[in-house]
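Engineer: sequence and predicted structure are below.
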Amino acid sequence: MNETNPHQTTSPELSRLAVHTITTKPWSFAEAADQYSRQGIGGISVWVEAIDGIQPTTARQIVDDAGLKVPALVRGGFFCAGDQRQRDGRIDHNLRLLETAAELGAEMLVLVVGATPGVALETQRGWVREGIEQILPQASSLNVRLAIEPLHPMYAADKSCINRITEARQICEAIDDPVLGVAVDVYHVWWDPDLAIEIELIGAQNRIFGFHICDWRVPTRDMLNDRALMGEGCIDIRSIRAMVEAAGFDGWNEVEIFSEEHWRGDQKQFLKRIVESYCDC
């Protein structure tokens, strides 16, 4: 590849590849957009922290100049709190994030719904439903979809009261709005014995909005920041990708890797390895 050309011709395989900015955390937003473009990657999923201090219009210009698309703004949600005023404040925050997503040209806002230790999960899922219902009108008016992302059960106490696709689907069905769907992250759902049937169900409802990929290192040294490159762990990514595609998903394959090890390394080499491992999975 020509390292001096920021606008590589994107191959058909890479045209559906997006990388989350958290994956290459040491880079600034502008560096990430430039380097993704140089590798022929088609999309950049933007973490809110990556554009802290950058006006959305400026961030949009950076993306456009790099020739990239924005599958998602990450992360909204966090609806759970014992105090009503706190929950109201989080609604306001999500409404602002939706405006940012629209200005970025993001297809969706990914929702990590949050959790409050010591409160019944069903109660918290009620808060999540209420919160989503309050932000749905603005999401619809701005043409930004909302994607509930189930998180692995190890996060049930303090990060997410939704841990399986089942719970995400049930909220989607209760609200029944085409703006609301699910982001399927293999890191969080690969273990679920009901995975195949749940993917089939949400696919039939046209609710698969996002597909996130990385791998589960064995042994895992840190439950948050030790994800592996595709093919370096125990997740059968190829089979899960086949499931979502058979269920009708034809959107972005988004690489999302939290890794202290990889963040300490050469980010350009890491990005090249991401592209190589993606093409093999």
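Structural biologist: The structure has been received and is ready for your questions. Keep in mind that what you see is a predicted model, and the values were worked out from it rather than measured. Residues are numbered from 1 along each chain as shown.
Engineer: which stretches of the chain have low pLDDT?
Structural biologist: 1-12 (pLDDT under 70).
Engineer: 50 - rerun?
Structural biologist: Applying pLDDT under 50 to the chain flags residues 1-9.
Engineer: ok, which stretches of it are strands?
Structural biologist: Ranges of strands in the chain, per DSSP state E, are 17-20, 43-47, 72-77, 108-112, 145-148, 180-185, 208-213, 215-216, 227-228, 253-255.
Engineer: looking at the ones you listed, which is nearest to residue 65?
Structural biologist: Shortest distance between residue 65 and the strands of the chain, using Cβ to Cβ, is found for strand 43-47: 11.9 Å. All C-beta spots, glycine's among them, are computed from the backbone N, C-alpha and C.
Engineer: same for that closest one, what does it pack against?
Structural biologist: Secondary-structure packing of strand 43-47 (3 or more Cβ pairs under 8 Å, 6 or more residues apart in numbering; DSSP states H and E): strand 17-20, helix 29-38, helix 56-65, strand 72-77.
Engineer: winner for burial among the ones you listed?
Structural biologist: Of all the helices and strands packed on strand 43-47, strand 72-77 carries the top mean neighbour count, a mean of 28, counting by mean count of other Cβ atoms under 10 Å.
Engineer: rewinding a little: just tell me which of the strands of the chain ends up closest to residue 246.
Structural biologist: Per Cβ to Cβ, nearest to residue 246 of the strands of the chain: strand 208-213, 10.8 Å.
Engineer: can you check what angle separates the closest one from strand 108-112?
Structural biologist: Per axes from the mean of the first three to the mean of the last three Cα atoms, to 10 degrees, the angle that strand 208-213 makes with strand 108-112 is 70 degrees.
Engineer: quick one: residues in contact with strand 208-213.
Structural biologist: 20, 71-72, 107-108, 110, 145, 147, 149, 181-187, 199, 202, 230, 237, 241, 244, 247-249, 251-256, 278, 281 (Cβ atoms under 8 Å, 6 or more residues apart in numbering).
Engineer: ok, residue 234 - contacts?
Structural biologist: Under the criterion of Cβ under 8 Å, 6+ apart, the contact list for residue 234 reads 215, 216, 218.
Engineer: among the residues you listed, who's most crowded?
Structural biologist: Highest neighbour count within these: residue 215, with 22 neighbours (other Cβ atoms under 10 Å).
Engineer: contacting residues for the closest residue to that residue other than its chain neighbours?
Structural biologist: Leaving aside its sequence neighbours, residue 215 sits nearest to residue 233 (Cβ to Cβ, 6 or more residues apart in numbering; 3.2 Å). By Cβ under 8 Å, 6+ apart, residue 233 lies in contact with 214, 215, 216, 217, 218.
Engineer: one more time with 7 Å
Structural biologist: By Cβ atoms under 7 Å, 6 or more residues apart in numbering, the residues touching residue 233 are 215, 216, 217, 218.
Engineer: now tabulate these in TSV and tack on distance to residue 118.
Structural biologist: Output for the contacts of residue 233, formatted as TSV (distance: Cβ to Cβ, whole Å):
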residue	distance to residue 118
215	33
216	28
217	31
218	32
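Engineer: quick check, nearest of those residues to residue 162?
Structural biologist: For the contacts of residue 233, the nearest to residue 162 is residue 216 (19.3 Å; Cβ to Cβ).
Engineer: closest one of the contacts of residue 233 to residue 174?
Structural biologist: For the contacts of residue 233, the nearest to residue 174 is residue 216 (30.7 Å; Cβ to Cβ).
Engineer: now the closest one: how far from residue 103?
Structural biologist: 35 Å (Cβ to Cβ, to the nearest Å).
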